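> Structure for this input, please:
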Amino acid sequence: MLGADRLARGDLVTVAGGGGEFGGKPRPAIILQSPLLFGSTVPLPICPVTSLPVENAPLLRIPLADGATTGLQAPSWAAIDLVQTIRQRRIGERIGNVNGETMLAIDRALMVFLGLA
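Reported below is the predicted structural model:
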């Protein structure tokens, strides 16, 4: 488990399943929290990563490249419609990170999805 002091916004990490609808085996997720707030809150906002695209809904799935930088083994998508907060103890290893262009696309999609734009 990584401490919040070792995480950065845009890091791709594994998140342990916790039961419920999205439970099960560890899955990748993107850390969304601002670095200004690390250590000030216990739960961290994350964006789950999926290998299932949503047809005709490009704002709900932001494409993520596979490879050494992201640590993903297959093309995947940031699931904007599944954003959640998790307890830090559910965070496993850091597998990679997303670039600034991808984080900007995620930020824009979140603003539209949450009605902030």
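> helix/strand/coil for the residue nearest the centre of the chain?
By C-alpha atoms, centre = their mean, the chain has its centre lying nearest to I30, at 2.1 Å. Going by DSSP: H, G, I helix; E, B strand; the rest coil, the secondary structure assigned to I30 is strand.
> Which strand residues bridge it?
Counting by DSSP bridges, I30 is bridged to L12, C47.
> Would you check that it makes contact with I46?
Yes: I30 lies in contact with I46 (C-beta atoms under 8 Å); the separation is 6.4 Å. The C-beta positions use only the backbone N, C-alpha and C, and glycine is treated the same way.
> what about the helices in the protein?
For the chain, applying DSSP state H gives helices covering 100-113.
> Can you show me the strands along it?
Under the criterion DSSP state E, strands of the chain are mapped to 11-15, 27-31, 43-50, 61-64, 76-79, 84-87, 91-97.
> residues making contact with the longest one?
Just to be clear, that refers to strand 43-50. Contacts of strand 43-50 with the rest of the structure, by C-beta atoms under 8 Å, 6 or more residues apart in numbering, involve 4, 7, 12-13, 15, 22, 27-33, 61, 64, 72, 76-80, 82-88, 91, 106, 110.
> returning to what we had before: who touches both of I30 and I46?
V13.
> Please check the contacts of strand 43-50 and keep the buried ones.
Buried by 16 or more other C-beta atoms under 10 Å: 4, 7, 12-13, 15, 22, 27-33, 61, 64, 72, 76-80, 82-84, 86, 88, 91, 106, 110, out of the contacts of strand 43-50.
> Is the residue lying closest to T69 once chain neighbours are set aside bridged to anything, and to what?
Among residues not flanking T69 along the chain, G96 sits closest, at 5.6 Å (C-beta to C-beta, 6 or more residues apart in numbering). G96 has the following beta-bridge partners by DSSP bridges: L12.
> Make 24 the starting number, not 1.
Fine by me, first position is 24 from now on; the one you just mentioned is G119.
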